[in-house]
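any chance you could fold what I've pasted below:
(chains A and B)
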Number of protein chains: 2
Amino acid sequence: MLEIKIEKTTNPKPIPDKDNPLVFGTIFTDHMFEMDYTDGKGWHDPRIVPYHNLELEPSAMVFHYGQEMFEGLKAYKTEDGRILLFRPDKNIERANHSNRRLMIPEIPEDIFMEAIKQVVKIDEAWIPTKEGTSLYIRPFVIATDPFLGVRPSYTYKFMIILSPVGAYYPEGLDPVKIWIEDEYVRAVRGGIGEAKTGGNYVASMASQMKAHEEGYSQVLWLDGVERKYIEEVGAMNIFFKINGTVVTPMLNGSILSGVTRRTCIELCKSWGVPVEERKVSVDELEEAARTGALEEVWGSGTAAVISPVGHLRYEDDVFQIGDGGIGELSQKLYDTVTGIQLGKIEDKFGWTVEV
Amino acid sequence: MLEIKIEKTTNPKPIPDKDNPLVFGTIFTDHMFEMDYTDGKGWHDPRIVPYHNLELEPSAMVFHYGQEMFEGLKAYKTEDGRILLFRPDKNIERANHSNRRLMIPEIPEDIFMEAIKQVVKIDEAWIPTKEGTSLYIRPFVIATDPFLGVRPSYTYKFMIILSPVGAYYPEGLDPVKIWIEDEYVRAVRGGIGEAKTGGNYVASMASQMKAHEEGYSQVLWLDGVERKYIEEVGAMNIFFKINGTVVTPMLNGSILSGVTRRTCIELCKSWGVPVEERKVSVDELEEAARTGALEEVWGSGTAAVISPVGHLRYEDDVFQIGDGGIGELSQKLYDTVTGIQLGKIEDKFGWTVEV
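As a prediction, the model looks like this:
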């Protein structure tokens, strides 16, 4: 494995009130990881350096043809002072899955893991400890060739930046309101929906702004072909508890394979709760809501962990879920996942990785 | 209108053999245009400055959420020394159409047009004059907020860079081979296909590389819903001459509204050639090729202008178009469009704008 060179900052920033990060993703730590890719040479020069601005030609391909990939995961500080990562191997696996679809060269898993650990360790003092807070880790790759033709770049830059964060939604664990989008489409099978890349997020913004104006936190996307089947929320995967069974849309090529999604499925199964990964239509949901069979709805994602949904809107129909509060299973999942992440609950699954 | 400040370079680059730019989009001129957007203040500080690297935070939203828009047009030097732009108003209109879909603030048309003219004028010496060459103009916008939450950025940078170019395809006007893609999808209605943005281009790269390996220049995309109807080539729109009638896919929300596409339609109509903008299925094409009704196929785009297609492949079927050479109408369109662009043919339509 390549050796990671380390250049520590000589000018550390004051750590802001790190236990009260008011806005998600606005504060960055003292250091960052960087590694370059050159065609014929591969990934080279892994290094941890002071957090700094990037200098790129205006013709750099990332500005024009969207060749960019990102990941998101978190580091937690336990009460006894250990630093835990939650299933980082799954993020690394998914990053390379995205890279393949985007024609970005794969990143060796060993150096990727080591880079996360070392950069988190160096900025350990920035990990907040108040409940609901963590150190958000953002690995990402951008295409850097100064070239205006359309083809995969020959050069790339891989970086990891760190940001102390609080709750992703201002609501915290209070149930959010979700708008089922019937006009715009986020992704379609055969496209780039299952890759974690900018193009999927910019595609979601118009719809998200429309939903915000109507007082909804997030948009729930339907499939691009029939606009009939539930896909995901963009920042989260989605789960329904219908008549005691947990149902979530199956991975179909246009849905992101969430690490928290996988965790929810594995936890529910370990508790003996039946789980189905399959197609879920809006019609089925409406019917289940009408008859009272729709017991709980929640989103799962790294940023929000578990986000209970209290209220869904599809066209002119609004349906409230349960009593509008957080459901029993949603709460149990939240407590268990965050408990394992914070080292408060025994990690029977071997999900946490100590830095 | 805001005044454009000008700072000329004190260190001009030697102009490389500008009449023989071997590779499209690799050489950039001495100057560039820049303008910033700040929420609450609008677009401000338009300026022409020496071509320079951009300095951005690694958390700048363009690197993560793909909020980026670009355009492409060309400037030509006529034999009598005038500088002509070709239908720049259509590019400006389309840029703002893209901006609306991508939640990027619109750019005032007057300053946009003036910026193009002034920056081209300053780097006039870089406009190549050899046949088939021109000065490629690349306006683009990127989101610059240093923020990891998903929402439209509050700050943006609009730039125009210039590159002397030759033919986009190494084939020049020789017919290209096109692969009809049946696995990957570029865009779907309700998505961002009609916006000129990076996400659509990165989505195309995996398929394009597969086609290249098989000896094909470009990929022809099918619709994302039924994978049955022809859409576009990614870098070009597509035209078919079937039994004397020109047929091109109708704009449906997932196809880019090409300026050269529009020009082809208007020219054909002015010549009395019937034109239909409608759905075109692969089945119809195969049938037309089989019976000999498929007389010509060509792509239209700013980079390649008119690119005759000699050969189409769909799954295991290969069909040659006509005798495999350039068709009569394709040649007439190429001669007329480039003739008007270069000021050699009278511009009855008022398409050219003198700088």
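
which SS class is the closest residue in space to A:Tyr168 that isn't next to it in sequence?
In space, A:Tyr168 comes closest to A:Ala303 once its chain neighbours are excluded; the distance is 3.8 Å by Cβ to Cβ, 6 or more residues apart in numbering or on different chains. The way it works is simple: take the backbone N, C-alpha and C, and place the C-beta from them, glycine included. Classification of A:Ala303 using DSSP: H, G, I helix; E, B strand; the rest coil returns coil.

neighbours around A:Ala303, how many?
As a burial measure, A:Ala303 scores 22 neighbours (other Cβ atoms under 10 Å in any protein chain shown).

quick one, phi psi at it?
Torsion angles at A:Ala303 (phi, psi; degrees, to the nearest 10) stand at phi -60, psi -50.

from A:Leu312, how far off is the residue nearest to A:Tyr229 when sequence neighbours are not counted?
Distances taken as Cβ to Cβ, 6+ apart put A:Asp223 closest to A:Tyr229, at 4.4 Å, once the chain neighbours are dropped. To A:Leu312, A:Asp223 is 17 Å away according to Cβ to Cβ, to the nearest Å.

ok, now A:Thr352?
For A:Thr352, the distance to A:Leu312 (Cβ to Cβ) stands at 33 Å.

and if you look at A:Val355?
39 Å.

these two: which has the busier surroundings?
For the pair A:Val355 and A:Leu312, the greater number of neighbours falls to A:Leu312 (24 against 17), based on other Cβ under 10 Å.

who does the helix or strand where the more buried one lies touch, helix- and strand-wise?
With elements taken from DSSP states H and E, the one containing A:Leu312 is strand A:305-314. Secondary-structure packing of strand A:305-314 (3 or more Cβ pairs under 8 Å, 6 or more residues apart in numbering or on different chains; DSSP states H and E): strand A:176-180, helix A:259-270, helix A:282-291, strand A:294-301, strand A:317-320, helix A:328-341.

helices and strands around the third one, which ones?
Read it as helix A:282-291. By 3+ Cβ pairs under 8 Å, 6+ apart, helix A:282-291 packs against strand A:237-242, strand A:305-314, strand A:317-320.

so which of those strands is nearest A:Pro16?
strand A:305-314 (22.8 Å; Cβ to Cβ).

tell me what angle the closest one forms with strand A:176-180.
Between strand A:305-314 and strand A:176-180, the angle comes out at 50 degrees (axes from the mean of the first three to the mean of the last three Cα atoms, to 10 degrees).

in what helix or strand does A:Leu135 lie?
A:Leu135 belongs to strand A:134-143 when assigned by DSSP H and E.

buried stuff in the longest helix seen in chain A?
Ordering each helix of chain A by length in residues (DSSP state H) puts helix A:198-213 first. By neighbour count on 16 or more other Cβ atoms under 10 Å in any protein chain shown, the buried set for helix A:198-213 is A:198-208, A:211.

what does stretch A:48-55 give?
For stretch A:48-55, using 16+ other Cβ under 10 Å, the buried residues are A:48-49, A:51, A:54.

show me what the longest helix of chain A is packed up against.
strand A:176-180, strand A:218-220, helix B:62-65, helix B:198-213.

want to throw the ones you listed into JSON lines with mean pLDDT and distance to A:Ser59?
Listed next are these as JSON lines, based on pLDDT from 0 to 100; distance: least, Cβ to Cβ, whole Å:
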{"stretch": "strand A:176-180", "mean pLDDT": "93", "distance to A:Ser59": "38"}
{"stretch": "strand A:218-220", "mean pLDDT": "93", "distance to A:Ser59": "34"}
{"stretch": "helix B:62-65", "mean pLDDT": "98", "distance to A:Ser59": "14"}
{"stretch": "helix B:198-213", "mean pLDDT": "94", "distance to A:Ser59": "13"}
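
can I get those in a markdown table with distance to A:Glu346?
As requested, those are exported to a markdown table (distance: least, Cβ to Cβ, whole Å):
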| stretch | distance to A:Glu346 |
| --- | --- |
| strand A:176-180 | 30 |
| strand A:218-220 | 33 |
| helix B:62-65 | 35 |
| helix B:198-213 | 42 |
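
what lines up beside the strand holding A:Leu312 in the sheet?
In the sheet containing strand A:305-314, its partner strands are strand A:176-180 (parallel), strand A:294-301 (antiparallel), strand A:317-320 (antiparallel), by DSSP bridges.

hey, which of those strands is tucked in deepest?
Of all the strands paired with strand A:305-314, strand A:294-301 has the most neighbours on average by mean count of other Cβ atoms under 10 Å in any protein chain shown, namely a mean of 25.

which residues are contacting that one?
For strand A:294-301, the external contacting residues (Cβ atoms under 8 Å, 6 or more residues apart in numbering or on different chains) are A:168, A:176, A:178, A:218, A:233, A:235-244, A:258, A:260-261, A:263-264, A:285, A:288, A:306-309, A:312, A:319, A:321-322, A:327-330, A:333.

the same query, at a cut-off of 6 Å, please.
Residues from elsewhere that reach strand A:294-301 (Cβ atoms under 6 Å, 6 or more residues apart in numbering or on different chains): A:233, A:235-242, A:258, A:260-261, A:264, A:288, A:306-309, A:321, A:327, A:329-330.

residues contacting the helix or strand bottoming out on mean pLDDT in chain A, please?
When the helices and strands of chain A are scored by mean pLDDT, DSSP states H and E, strand A:317-320 comes last with a mean of 88. The contact list for strand A:317-320 (Cβ under 6 Å, 6+ apart) reads A:289, A:311-312.

tell me how many other residues surround the nearest residue to A:Ser300 once chain neighbours are set aside.
Spatially, and ignoring its direct neighbours in sequence, A:Ser300 is nearest to A:Thr260 (4.0 Å; Cβ to Cβ, 6+ apart). By the measure other Cβ under 10 Å, the count of residues near A:Thr260 is 23.

repeat that for A:Cys264.
26.

tally of neighbours for A:Lys269?
A:Lys269 has 12 neighbours, counted by other Cβ under 10 Å.

specify the beta-bridge partners of the closest residue to it other than its chain neighbours.
Once flanking residues are discounted, A:Lys269 sits nearest to A:Val275: 5.6 Å by Cβ to Cβ, 6+ apart. Beta-bridge pairing of A:Val275 under DSSP bridges involves A:Val246.

thank you, goodbye.
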